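Asks: Build me a model:
(one chain, ligands or ions: 2)
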Amino acid sequence: MLALGRFATAATTGAARPSARAVPLSLLGPLSLSVSAPVPLPGSLLFMHSAPPLRYFDVDEYILKRRKRLTMSTATAKHHAPFKRVESVQNIIHMHRDPFKVTVIGSGNWGTTIAKVVAENTVLNPHLFAQRVDMWVFEEDIDGEKLTEIINTKHQNVKYLPGIDLPHNLVANPSLTDSVKGADILVFNVPHQFLPRIVSQLKGHVSPSVRAISCLKGFEVGAKGVQLLSSYITDELEIQCGALSGANLAPEVAKEHWSETTVAYQLPEDFKGEGLDVDHRVLKALFHRPYFHVNVIDDVAGISIAGALKNVVALACGFVEGLGWGNNAAAAIQRVGLGEIIKFGQMFFPESRVETYYQESAGVADLITTCSGGRNVKVAKYMATQNKDAFEAEKELLNGQSAQGVITCKEVHEWLAKCELTEDFPLFEAVYQIVYNGMPMEQIPEMIDELEPFEVEDDTPEAEPQTEVQA
Ligand SMILES: NC(=O)c1ccc[n+]([C@@H]2O[C@H](COP(=O)([O-])OP(=O)(O)OC[C@H]3O[C@@H](n4cnc5c(N)ncnc54)[C@H](O)[C@@H]3O)[C@@H](O)[C@H]2O)c1
Ligand SMILES: O=P(O)(O)OC[C@H](O)CO
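Replies: Ligands and ions are numbered 1, 2, ... in the order given. Okay, the predicted model is just below:
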């Protein structure tokens with residue numbers, strides 16, 4: 001309704017032109033009028049069914065205005081504009097400094113995949129990025145050989161991303177502090193339970209001018225309450241940190257099957273200027289690939305909340321899948337889950353935007369893909385079918401990888417319990433009770449029945465008050 005309200009003011013009134021094709025607005029829905037939605041065919045008119053007399057939306061006029069707006073916004077590009085797509089980046093950024101040196105911290109399933117993406121782009125953009133990308137690897141022994149040595153000679157991460165060739169400019173580095181030496185951009189990508197230790201080891205080794213992106217999904221719950229991981233990194237290391245999150249199952253991205261993602265970043269107060277510092281265009285150049293389409297926005301909170309909480313919802317999906325309840329049950333879980341995700345965001349991170357949850361890859365799209373084929377859903381399904389607990393399931397299924405929902409549901413529970421709000425998030429609470437207290441998963445429907453509908457603020461003008469009709 002937000003988009004409908006905005007466009008309704010631009011609509012003209014009058015009769016439909018006889019030659020024009022009419023598209024009933026009610027069929028298109030509010031999303032179809034949003035800026036990022038496909039534009040309807042020229043020459044068609046969208047009828048607005050909402051208020052008599054019948055009004056229409058002139059699509060030709062809309063397309064012209066939209067094109068003009070896009071041209072203007074490209075010409076007057078401002079870094080803070082939300083949802084503005086960053087157009088082509090090649091050869092546009094004039095660098096007034098040395099190329100940015102990039103380090104990826106983490107080498108798991110997603111860590112290695114993102115390192116591959118980044119290393120491909122540093123080769124393609126030598127004016128922007130130093131070609132060598134260091135990837136910090138938590139060293140381990142694989143059949144008597146060090147994992148870093150295997151990666152640096154065979155150019156494959158045989159444990160966490162087997163079968164995928166890695167660029168030769170990607171260098172596995174077992175020393176955390178050495179890997180960040182001289183780095184301008186840090187890409188954090190480890191299971192989030194390991195972040196506090198990593199960050200404490202990095203203290204004193206990272207200059208305040210370094211910029212960072214967190215690809216982690218989860219929260220930090222501590223003395224400061226519930227914290228986004230990007231904020232945690234900023235607080236601990238005193239560096240600006242954004243986030244990358246989207247509908248991105250690592251094995252598919254690694255095989256270069258097309259997907260989308262969202263990067264969110266806010267310029268720091270000490271931003272040095274275009275060509276001198278990391279901004280939206282630099283980040284697009286760093287992460288965008290033909291098979292990995294990036295949209296850069298500034299809603300760090302929105303994409304981080306969606307990314308973390310959908311893992312909890314995915315566990316619930318896995319439970320009902322394991323119980324053999326079918327697609328309807330999974331859809332019901334996702335509907336309720338999305339409501340709780342948005343509610344959580346609006347309640348604890350009011351700066352996050354509701355639109356992010358449905359317009360961005362990091363929102364509902366990530367919820368869908370994670371609930372369809374992610375590790376969380378697999379672990380939960382295994383719990384249901386094999387009668388194992390979450391930790392046994394993770395160990396038996398994932399070969400050292402992590403299902404982050406298992407930890408996130410505990411963090412969320414601890415935070416909500418502190419706020420005495422567990423009853424307001426019955427699905428999140430049900431998942432916690434199943435994973436940690438052995439509550440039967442068959443009880444999910446009763447537990448979530450109490451969910452109050454969540455009201456989203458609407459800027460549609462209020463209807464005229466009705467005059468009371470006297471009998
Ligand atoms: N895998 C995906 O499809 C995917 C997609 C998007 C986002 N994510 C998110 O990305 C983050 C990283 O996930 P991942 O898939 O790369 O990791 P993963 O689940 O594959 O975990 C394995 C990694 O953890 C490391 N590790 C194990 N013990 C450690 C320790 N004590 N200290 C430090 N590191 C240790 C291993 O060395 C390995 O690199 C997570 O927050 C996850 O939710 C994952
Ligand atoms: O495999 P999962 O469940 O950790 O989910 C992976 C990603 O977060 C999907 O975007």
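
Asks: use CA for all of it now, contacts and neighbours both
Replies: Fine.

Asks: Look up phi and psi at Cys215.
Replies: Backbone torsions of Cys215, given as degrees, to the nearest 10, read phi -100, psi 10.

Asks: distance of it from ligand 1?
Replies: 5 Å (CA to the nearest ligand atom, to the nearest Å).

Asks: Pretty sure Asp277 sits against Asp270.
Replies: No. Using CA atoms under 8 Å, Asp277 makes no contact with Asp270, being 9.6 Å away.

Asks: ok, those two, which is more surrounded?
Replies: With neighbours defined as other CA atoms under 10 Å, Asp277 and Asp270 compare such that Asp277 has more, 20 against 10.

Asks: contacting residues around that one?
Replies: Phe271 (CA atoms under 8 Å, 6 or more residues apart in numbering).

Asks: how about it, secondary structure?
Replies: When classified by DSSP: H, G, I helix; E, B strand; the rest coil, Asp277 comes out as coil.

Asks: May I have the phi/psi pair for it?
Replies: Dihedral angles for Asp277 - degrees, to the nearest 10 - are phi -140, psi 170.

Asks: got the CA positions of the longest strand seen in the chain in PDB?
Replies: Counting residues, the longest strand in the chain under DSSP state E turns out to be strand 129-136. Provided in PDB are the C-alpha atoms of strand 129-136 (Å, rounded to 0.1, in the frame of the first residue of the first chain):
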ATOM      1  CA  PHE A 129      41.800  -3.500  -6.200                       C
ATOM      2  CA  ALA A 130      45.100  -5.100  -5.400                       C
ATOM      3  CA  GLN A 131      45.000  -8.500  -7.200                       C
ATOM      4  CA  ARG A 132      46.100 -10.700  -4.300                       C
ATOM      5  CA  VAL A 133      43.300 -11.500  -1.900                       C
ATOM      6  CA  ASP A 134      44.200 -13.100   1.400                       C
ATOM      7  CA  MET A 135      41.800 -15.600   2.900                       C
ATOM      8  CA  TRP A 136      42.300 -16.300   6.600                       C
END
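
Asks: partners of that strand in the sheet?
Replies: strand 100-105 (parallel), strand 170-173 (parallel) (DSSP bridges).

Asks: now it, how far from the centre of its chain.
Replies: Averaged C-alpha coordinates place strand 129-136 at 24 Å from its chain's average position (CA atoms, centre = their mean, to the nearest Å).

Asks: Can you give me the buried ones in it?
Replies: Buried residues in strand 129-136, counting neighbours by 16 or more other CA atoms under 10 Å, are found at 129-136.

Asks: Same list (those residues) but as a markdown table, adding pLDDT and distance to ligand 2.
Replies: Listed next are the buried residues of strand 129-136 as a markdown table, based on pLDDT from 0 to 100; distance: CA to the nearest ligand atom, whole Å:
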| residue | pLDDT | distance to ligand 2 |
| --- | --- | --- |
| Phe129 | 98 | 26 |
| Ala130 | 98 | 28 |
| Gln131 | 98 | 27 |
| Arg132 | 98 | 27 |
| Val133 | 98 | 23 |
| Asp134 | 98 | 23 |
| Met135 | 99 | 20 |
| Trp136 | 99 | 20 |
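
Asks: Export those residues to a markdown table and append columns for distance to Ile198.
Replies: Output for the buried residues of strand 129-136, formatted as a markdown table (distance: CA to CA, whole Å):
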| residue | distance to Ile198 |
| --- | --- |
| Phe129 | 25 |
| Ala130 | 24 |
| Gln131 | 25 |
| Arg132 | 22 |
| Val133 | 19 |
| Asp134 | 16 |
| Met135 | 14 |
| Trp136 | 11 |
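
Asks: Closest one of these to ligand 1?
Replies: Of all these, the one sitting nearest ligand 1 is Trp136; the distance, using CA to the nearest ligand atom, is 8.7 Å.

Asks: Perfect, I'm done here.
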